[in-house]
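A.B. asks: turn this into a model:
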Amino acid sequence: MPGLRWRLFLAGVLCALSASFALAQDMAHDGYVGSGSCVQCHAAESTAWAGSDHAWALKAPDAASMLGDFNDASITNKNVTTRFTTKDGKYFVETEGADGKPQSYEVRYAVGHRPLQQYLVETEKGRLQALDLVWDVTQKKWFHLYPDQDAPPGDGLHWTGSYKNWQARCATCHQTGFDKGYDFASRTYKSHWTELTVGCESCHGPGEAHNTWARTKSGEDPFKKLPLGPGHQAQEINVCGPCHSRREAFSQVQPVAGAPFHDDYALALLTPDLYFPDGQQRDEVFILGSFLQSKMKAKGVTCSNCHEPHGGGLVAEGNAVCTQCHSPAGNDAFPSLRKAEFDSPEHHHHKQGSDAAQCVNCHMPELSYMLIDPRRDHFFRKPDPLQSKAADAPDVCTGCHTEKTAEWAAEQIAAWKPAGDKSWQDRSAFIAFTNGDRSEKTIADLTRYVLDREHPAVARATALNALGSGGSLSAADGEQLLSDDDPMVRAAATGALRHIDVQDRIALLMPLLTDPSRSVRQRTAVEIAGAGVALLPAADDAAYRKGLQDFLDARMANADMPESHIALGGLALSRRQWDEAQKSFTTATEMDPQMASAWLVLAQLAEARGNPKDAEAALTSGLAASPRNVDILLARGDIAARQQKFDDALGWYRRAQAADPQRPDVWVASAIGYALKGDRVAAAEAASRARQLAPGMALPAELEQFIAQPQ
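C.D. replies: You can find the predicted model right below:
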């Protein structure tokens with residue numbers, strides 16, 4: 001699945017109070033009172049918030065909030081001209097609709113105020129879609145977020161498609177007290193919220209009880225139950241983390257501020273589509289996954305140590321943010337911190353006051369998203385040019401010294417700091433495994449990494465997921481991991497023990513059916529369901545059924561996303577519920593015809609059930625949506641090969657070669673195809689090409705034997 005198809009397409013941040021058709025605001029919902037009620041007692045905080053990104057998370061369109069040029073401006077991309085106009089105080093966009101024809105849409109909301117502003121329109125009653133044409137606030141011009149993307153109407157990535165739907169992908173982090181209100185049966189939205197923007201209660205929780213306390217001073221202030229600020233890392237991760245992360249929500253209703261993260265969300269791990277193998281951010285991951293890898297997190301640093309929470313700015317200017325701790329005076333809150341002078345040429349080895357002397361430019365490198373929106377990596381890593389090179393990741397040293405090599409940069413760092421310790425961020429086993437090395441040494445190295453509790457939990461969980469059941473974990477290892485302090489590790493461990501005897505595995509898993517974190521309970525129930533156990537003890541059966549229902553409910557809470565139907569289909573497959581699986585994967589293809597993985601499973605299902613024609617039809621439909629998808633082309637060839645139509649099979653494999661000649665598996669398939677035809681010379685040539693692309697690659701034994709036969 002191409003990484004872009006899984007992106008969330010989140011925009012900047014904006015605010016206001018408005019409603020539209022089936023969209024509705026409900027200020028009385030569950031004790032919410034609105035940010036306006038906070039101003040009288042908290043004037044300074046309210047003033048700081050008013051100009052913040054949070055206050056601009058979503059705004060109704062008016063002269064103050066609309067920053068783009070709607071004075072009959074236009075832009076053309078991919079032969080589609082879009083016009084921006086105003087009429088009677090309203091704002092309109094005329095562009096290509098879902099049917100491919102020009103259509104005029106009224107702008108319902110504006111999103112963001114720096115460095116860009118995006119706009120939402122209502123394509124159907126209650127359904128908000130984010131336009132791909134956005135306003136560059138600095139350059140004051142319109143531009144297309146994906147100028148090179150070919151996403152025609154009907155494609156999930158077209159601006160009217162499922163991946164650009166506001167309620168599914170973005171709204172809960174741009175509004176307060178948001179309830180998506182999606183009905184899968186009718187495919188419609190009736191969304192509600194308590195405040196249009198990210199207001200005070202997004203972070204502090206519903207304010208009604210606090211207001212009552214402020215008037216009466218009776219009892220204890222209920223907001224004291226959620227203390228925030230330096231020294232309260234766990235609470236701040238629960239408050240800030242849900243929106244500043246890539247994650248999957250378990251409910252259509254936004255949880256109350258401060259609820260335990262892993263009860264309401266599954267955090268995206270450090271997978272290659274989101275992160276480089278050395279842990280650097282690759283896709284738009286919104287901070288938390290990076291921060292959880294950092295030594296800062298391990299030492300108790302939290303968001304508000306560096307960020308002023310109401311205005312959203314930094315607590316100091318430039319390097320002063322860092323030297324509040326990293327200085328000869330140190331910081332009593334972090335007693336293990338080495339006291340030394342860091343803001344000097346003796347440490348950074350660059351001209352004092354220059355860009356290169358800024359701490360963040362070496363320790364928090366930037367990547368730009370949405371073309372013009374730079375975000376800093378919150379791993380806080382030490383520069384490691386050789387590891388970055390091995391991971392094919394950006395390197396801060398050669399990013400500036402473009403004429404130099406990673407080896408040169410590593411020599412410079414070693415000369416400056418010969419005793420530098422980078423063990424915390426060592427990801428050599430990750431890098432080797434991600435690059436295809438499945439040797440015993442690499443698997444053993446990665447297994448040792450997983451078992452070492454000194455390493456960041458998010459990285460250990462990622463390694464567990466990568467190893468799957470192909471690792472070398474023993475039952476004792478499994479017991480240790482399933483009792484780990486971190487729910488991410490426990491959740492990942494549930495799926496890494498499938499090589500263990502099923503009865504032993506179930507015995508290890510059952511205690512996690514009552515785990516404190518819902519994310520762990522769900523994963524545990526899914527694993528037990530997939531194990532095919534017919535009957536559990538009565539005491540465990542109720543917890544198992546509850547965990548499984550939680551999983552199903554969480555997927556249906558996101559039933560407006562094709563990914564959820566893939567997950568439901570996977571569970572149905574593991575339970576041998578073939579009709580349910582077919583229904584789920586079919587729904588995924590309806591929502592996103594380019595979702596190749598769903599077409600492939602539908603073909604496999606049909607063939608396994610004795611319907612090869614249906615299998616071919618599924619792959620034909622997949623190719624109609626994605627004509628150059630290598631996986632579908634290979635699958636089509638494999639069906640022909642199984643039917644002993646070897647010339648047809650080779651024809652499909654040649655199409656796969658043309659689509660991506662750099663994929664080794666394409667040439668392995670071709671080699672097998674030639675071998676089945678008895679063409680030893682052609683088989684050897686294709687196998688050789690595969691080895692050139694993937695040195696050390698193991699070919700199927702039968703193919704090796706065929707090629708090795710004497711002429």
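A.B. asks: pLDDT of the helix or strand where residue 671 lies, averaged?
C.D. replies: Residue 671 belongs to helix 664-677 when elements are defined using DSSP states H and E. Here helix 664-677 scores 95 as its mean pLDDT.
A.B. asks: and that helix, what does it pack against?
C.D. replies: helix 630-642, helix 646-659, helix 680-693, helix 701-708 (3 or more CB pairs under 8 Å, 6 or more residues apart in numbering; DSSP states H and E). All C-beta spots, glycine's among them, are computed from the backbone N, C-alpha and C.
A.B. asks: distance from that helix to the middle of the chain?
C.D. replies: 35 Å (CA atoms, centre = their mean, to the nearest Å).
A.B. asks: what does stretch 502-512 give?
C.D. replies: With CA atoms, centre = their mean, you get 30 Å for stretch 502-512.
A.B. asks: buried ones in that stretch?
C.D. replies: By neighbour count with 16 or more other CB atoms under 10 Å, stretch 502-512 contains the buried residues 505-506, 508-510, 512.
A.B. asks: could I get the CA-only coordinates of the helix holding residue 671 as CSV?
C.D. replies: Extracted in CSV, the C-alpha atoms of helix 664-677 (Å, rounded to 0.1, in the frame of the first residue of the first chain):
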residue,chain,number,x,y,z
PRO,A,664,13.7,-8.3,-7.0
ASP,A,665,10.5,-10.3,-6.5
VAL,A,666,9.4,-9.4,-10.1
TRP,A,667,12.5,-11.2,-11.4
VAL,A,668,12.1,-14.1,-9.1
ALA,A,669,8.6,-14.6,-10.4
SER,A,670,9.8,-14.4,-14.0
ALA,A,671,12.6,-16.9,-13.2
ILE,A,672,10.0,-19.4,-11.8
GLY,A,673,7.8,-18.8,-14.9
TYR,A,674,10.7,-19.6,-17.2
ALA,A,675,11.6,-22.7,-15.1
LEU,A,676,8.0,-24.0,-15.4
LYS,A,677,8.3,-23.6,-19.2
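A.B. asks: on that earlier part again, closest to residue 677 out of the buried residues of stretch 502-512?
C.D. replies: residue 505 (43.3 Å; CB to CB).
A.B. asks: related to what we said a few turns ago, mind putting the helices and strands packed on helix 664-677 into CSV with mean pLDDT and mean neighbour count?
C.D. replies: Below are these laid out as CSV (pLDDT from 0 to 100; neighbours: other CB atoms under 10 Å):
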stretch, mean pLDDT, mean neighbour count
helix 630-642, 97, 22
helix 646-659, 97, 19
helix 680-693, 95, 17
helix 701-708, 92, 14
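A.B. asks: okay, these in JSON lines with distance to residue 518 next?
C.D. replies: Formatted as JSON lines, those follow (distance: least, CB to CB, whole Å):
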{"stretch": "helix 630-642", "distance to residue 518": "33"}
{"stretch": "helix 646-659", "distance to residue 518": "42"}
{"stretch": "helix 680-693", "distance to residue 518": "43"}
{"stretch": "helix 701-708", "distance to residue 518": "45"}
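A.B. asks: of these, which is nearest residue 447?
C.D. replies: Closest among the helices and strands packed on helix 664-677, using CB to CB: helix 701-708, at 26.2 Å.
A.B. asks: that closest one to helix 680-693, inter-axis angle?
C.D. replies: Taking axes from the mean of the first three to the mean of the last three CA atoms, to 10 degrees, one finds helix 701-708 and helix 680-693 inclined to each other by 120 degrees.
A.B. asks: helix 701-708: how far from the chain's middle?
C.D. replies: From the chain centre to the centre of helix 701-708 is a distance of 42 Å (CA atoms, centre = their mean).
A.B. asks: same question, stretch 653-673
C.D. replies: 30 Å.
A.B. asks: now do stretch 181-192
C.D. replies: For stretch 181-192, the distance to the chain centre is 24 Å (CA atoms, centre = their mean).
A.B. asks: in that stretch, what counts as buried?
C.D. replies: 181-182, 189-192.
A.B. asks: in JSON lines: these, plus secondary structure, distance to residue 241 and pLDDT.
C.D. replies: Output for the buried residues of stretch 181-192, formatted as JSON lines (DSSP: H, G, I helix; E, B strand; the rest coil; distance: CB to CB, whole Å; pLDDT from 0 to 100):
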{"residue": "181", "secondary structure": "coil", "distance to residue 241": "24", "pLDDT": "97"}
{"residue": "182", "secondary structure": "strand", "distance to residue 241": "24", "pLDDT": "98"}
{"residue": "189", "secondary structure": "strand", "distance to residue 241": "26", "pLDDT": "98"}
{"residue": "190", "secondary structure": "coil", "distance to residue 241": "28", "pLDDT": "97"}
{"residue": "191", "secondary structure": "coil", "distance to residue 241": "23", "pLDDT": "97"}
{"residue": "192", "secondary structure": "strand", "distance to residue 241": "24", "pLDDT": "95"}
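A.B. asks: the bottom helix or strand of the protein by mean pLDDT?
C.D. replies: Least confident helix or strand of the chain, by mean pLDDT, DSSP states H and E, is strand 24-25 with a mean of 66.
A.B. asks: could you point out the helix or strand that follows that one?
C.D. replies: Using DSSP H and E, the helix or strand that follows strand 24-25 in sequence is helix 43-50.
A.B. asks: against which helices or strands is that next one packed?
C.D. replies: Counting contacts by 3+ CB pairs under 8 Å, 6+ apart, helix 43-50 is packed against helix 200-204.
A.B. asks: which other residues reach the helix it packs on?
C.D. replies: Contacts of helix 200-204 with the rest of the structure, by CB atoms under 8 Å, 6 or more residues apart in numbering, involve 32-35, 38, 42, 45-46, 49, 54, 176-177, 194-195, 207, 210, 223, 226, 228, 239-240, 257, 309.
A.B. asks: residue 351 - nearest residue in space that isn't next to it in sequence?
C.D. replies: In this structure, residue 351 finds its nearest non-sequential neighbour in residue 357, 6.3 Å apart by CB to CB, 6 or more residues apart in numbering.
A.B. asks: tell me how far that neighbour lies from residue 343.
C.D. replies: Distance of residue 357 to residue 343, computed by CB to CB, to the nearest Å: 8 Å.
A.B. asks: kindly report the same for residue 509.
C.D. replies: As judged by CB to CB, residue 509 and residue 343 stand 51 Å apart.
A.B. asks: please apply the same query to residue 470.
C.D. replies: Taking CB to CB, one finds residue 470 at 47 Å from residue 343.
A.B. asks: and for residue 145?
C.D. replies: 38 Å.
A.B. asks: in contact with the most centrally placed residue in the chain, which residues?
C.D. replies: The centroid of the chain falls nearest to residue 246 when counting by CA atoms, centre = their mean (3.9 Å). Residues in contact with residue 246 (CB under 8 Å, 6+ apart) are 8, 267-268, 274, 283-286, 289.
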